[in-house]
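> A structural model of the following input is requested.
(chains A and B)
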Amino acid sequence: MSGEKVRATPFHARAASANRDNAWSARNGVTLSSFYDDAGDEALAARSRVAIADISWRWRAMIEGPRAGEFLSRLLTRDPMKLDPGSALKALWLGDRGGVRGAGAVARFGRESFQLISAAPDPEWIAAAASSFALVPRDISQTEGGLAIVGPYARATLAATGLDVELEPLTFRKLFWRGLDVTLSRWGEHGGYEIWCKPDDGVVVWDRLIRAGLPFGIAPAGLAAMDLLDIEAGIARPGRDYAPAREAFAKAPTPLALGLETLIDDEHKSFNGRDVWLAARTTETRRLAGLEFDGDTPAPFTPLLHDGKAVGHTLTSAFSPALRRAVALAQVDTAAAQPGTVLSLTLPSSMDVPESRKDTARVVSLPFLPAPGQIAP
Amino acid sequence: MSARSYDAVVIGAGVSGLTAASYLAKAGKHVLVVEARNKLGGLSETAPLGEGFSVPIAAHALYALDPRIVKELKLARHGLKFAVRDMALVGLRPGGKHVVIARDVHATVRNIAIHSKADAEAWPRFRHELFALARALRPLWWDAAPAKPLPQAGREKLDRLGRVSAAAWLDSWFESDALKATLAFDATAGIQPFEPGSALLLLWRAAQEMCGLQGAAAVPFGGSGALASSLAAAARALGVEIQTGANAVKLLVQDDRAAGIALASGETIAAGLVLSSLSRRRTLCGLAPAGAAGLETVAALCDERKTVGQAKVLLTLNALPAFNGIAVPQDARFVVADRLDSYAAAGAAARAGRLPDELAIEFVVPSAADRALAPPGQHIVSALVRPVPFAAAAGWETMKVQLAAKVVAALEAHVSGLARHVGAAQVLSPADIADRYGVGDEGFDDIHVLSPWNSRTMTPIPGLFLCGAEPVSAISGRAGRIAAALALRAEDRR
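Reported below is the predicted structural model:
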């Protein structure tokens, strides 16, 4: 988004008044609260009560036309042609040489109308690819704002606002909500709900949710808290945990190395990069693993050793307030990816601790924690 | 209706397609060639113009035909006979001081000495270096898998030449603008002689062999169309079926492999191997199902726009007036290019969509050597004009009139009285040639000149091969011969 102005989201006015430390980040060209008060508390609120988070930064594009289904079927690793209108699926898109270019959800709005939702925008490439199918994707990232409602009381909060919340995961519905046109969806990551609304309605939507959520202890959650939930859910994120395969001949990263192979449907016979993926799945030696630490969080790309041999490196790490320990995503060799394996690493010296220290990490199965929505209230 | 089934189907009955089909048939394959037009030959087409004239629509001389094809397919036995075996390169200059570059080095040296003593001395050394280096590079350009690597010295020179422009290379050898402008014409196939990599074109041209002579240009009796006729006869003798008026509109893909083609008539033809003479762009963006060749590859190919190309001007003459200061026109190709510098300005104008003021023209008088091409006493002139815009700002229809007038005026300057004798004229824009033959719509990239054959011939779709993917656009047949070999090898490995 270089060269472009950083925009405010439709919820900015309310986010600004809730943001006590004036802590802001930019993501995909929009300004977002890093945290409102304390990221750990916000993550805990999402896990134990209910939290709302601004997700207007997600890249969204409508792909509509007679060949939209054919195109998305060619693009994505699962077949969106099999979707009924009103439902969604999660999938990857690969480059021509099999590297993961992007990951996201695709929702079917109508017979010839789909929406692609992703954390990492890839507009030029998707538009170029779509042009072969006589399609012009329409970017709606700025024409709709979105709030995620996450937590065990998300459903109760929404019900209290008068919304019809009878919605299965990976479905969505367009609703008329006391004067507002909104889309209520469940294609997000944390088992919650998402509300998509017109930019002008953002403040009203925010206020209705906060008011309805008060009895459940609702809190706004910033980017840091939401990223923490991602790590706890074991989701490798483009741009944070891996560089998407944006080069024409990039074979890396493979879906296996990112733990994203479950987003590939073996029954789907013709998607871009499939032949290379079929070859890579037997040769890929890296896997995504979860690590738990007794000590401090290691920096990204800290080498991991097993029996004195380097077997991989860490990706993002964070202190998980729910687990009360440091956790990290890591890329390690298949042999070292078994839960229970103990890996060693060296934490460098710092101003607080003048000498570098040896530490150990335990490989655990992902996700670290179930999605917050799946915890019974 | 059950679909017809073949081992291999070849799209396009040009020299490349017919060559590929012949070699596949020779290896025992059951082959069908489909040609969209009602006529064989593709770029080597010879077509009637006016009453009793036959003109070369695209190629007016052959300079890159693979001698092994002539031999292995016994083309001489199938009627291929050359009217001109070695054309001299004549740079027409004002005042009759022409640059005549012939095979005879001594005669050439004497001629160059008129323009520059130093250049005359340099010529034998330049020619020796050019021909020796070009010969050393033949394995790269002639074979799918070179038997032995290039010699170290050759590789170093090649690395250097791959980055310099033809203009810079010629400047390092010669001082005479007349000589340099004449030689530079061959470095303008889709690229300008000032662009890096254009020196490779001179080298590639010098590596070719016609009628046993290195770097020669030749014309068969009956024009270049006769080559296609002899190839078609050879192909039929080998059992190849050729179907004209059969326009392939779709490539059939099954389990991510080429499985045949669909014709405009609706008929489908099943074949495990599909070889396309069309350009990579037309094949992968037009014929293949959308996205089958990889979304990124196809998007990049479709995005590529050719800006500069070459046009063809064909003239019939009631009589052939004398050339100022030169005797016989039948064994020569004439280049009209005033200055080396004018190529740069012309290239810029063409890229901007305008007709350049100073054009570079190569013309031949095919009827001088082959009397059957025109009625007695009358003649045809075939002129290749470079560079011209692919898409004209003012529209090509008005520009064609301007272009014809410009070419006639340029020729009139050296052949006084020619303008009075012009009968019919035909102008083909770059887009006309591209649409007629399905090739030549891709931008020139010097990387293709040095890339290995399989990177040009193979496609991301297994079973689909490009049999016209020459390193430099030319009538050669080599791409067909190599595509057939690569297709057979891929078939064996399955």
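> what does the stretch 151-300 of chain B put close to chain A?
Residues of the stretch 151-300 of chain B found near chain A (Cβ under 8 Å from any Cβ of the partner chain) are B:255-256, B:285, B:290-292, B:294-300. The way it works is simple: take the backbone N, C-alpha and C, and place the C-beta from them, glycine included.
> Quick check on these: which are buried?
B:Asp256, B:Cys285, B:Ala290, B:Gly291, B:Ala292, B:Gly294, B:Leu295, B:Glu296, B:Thr297, B:Val298, B:Ala299 (16 or more other Cβ atoms under 10 Å in any protein chain shown).
> Need those in TSV (columns: pLDDT, secondary structure and distance to A:Ser365).
Below are those laid out as TSV (pLDDT from 0 to 100; DSSP: H, G, I helix; E, B strand; the rest coil; distance: Cβ to Cβ, whole Å):
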residue	pLDDT	secondary structure	distance to A:Ser365
B:Asp256	84	coil	35
B:Cys285	89	helix	46
B:Ala290	87	coil	41
B:Gly291	83	coil	37
B:Ala292	88	coil	39
B:Gly294	88	coil	35
B:Leu295	88	helix	34
B:Glu296	85	helix	35
B:Thr297	85	helix	38
B:Val298	86	helix	40
B:Ala299	84	helix	39
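> Mind putting those residues into JSON lines with distance to B:Ala21?
Listed next are these as JSON lines, based on distance: Cβ to Cβ, whole Å:
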{"residue": "B:Asp256", "distance to B:Ala21": "25"}
{"residue": "B:Cys285", "distance to B:Ala21": "24"}
{"residue": "B:Ala290", "distance to B:Ala21": "28"}
{"residue": "B:Gly291", "distance to B:Ala21": "29"}
{"residue": "B:Ala292", "distance to B:Ala21": "24"}
{"residue": "B:Gly294", "distance to B:Ala21": "27"}
{"residue": "B:Leu295", "distance to B:Ala21": "31"}
{"residue": "B:Glu296", "distance to B:Ala21": "32"}
{"residue": "B:Thr297", "distance to B:Ala21": "26"}
{"residue": "B:Val298", "distance to B:Ala21": "26"}
{"residue": "B:Ala299", "distance to B:Ala21": "31"}
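> Please identify which helix or strand holds B:Glu397.
Using DSSP states H and E, B:Glu397 sits in helix B:396-412.
> and the stretch 101-250 of chain A, which of its residues are near chain B?
Residues of the stretch 101-250 of chain A lying near chain B by Cβ under 8 Å from any Cβ: A:Trp125, A:Ala128, A:Ala129, A:Ser131, A:Ser132, A:Phe133, A:Ala248.
> at 7 Å what do you get?
Proximity of the stretch 101-250 of chain A to chain B, by Cβ under 7 Å from any Cβ of the partner chain, involves residues A:Ala128, A:Ala129, A:Ser131, A:Ser132, A:Phe133, A:Ala248.
> Greatest separation within the residues you listed: which pair is it?
A:Phe133 and A:Ala248 (19.6 Å; Cβ to Cβ).
> out of all of them, which helix in chain B is the longest?
helix B:117-136 (DSSP state H).
> which helices and strands sit right next to that one?
Secondary structure elements in contact with helix B:117-136, counted by 3 or more Cβ pairs under 7 Å, 6 or more residues apart in numbering or on different chains; DSSP states H and E, are helix B:105-115, helix B:152-161, helix B:199-207.
> How far away from the center of its chain is the first one?
With Cα atoms, centre = their mean, to the nearest Å as the basis, helix B:105-115 stands 29 Å off its chain's centre.
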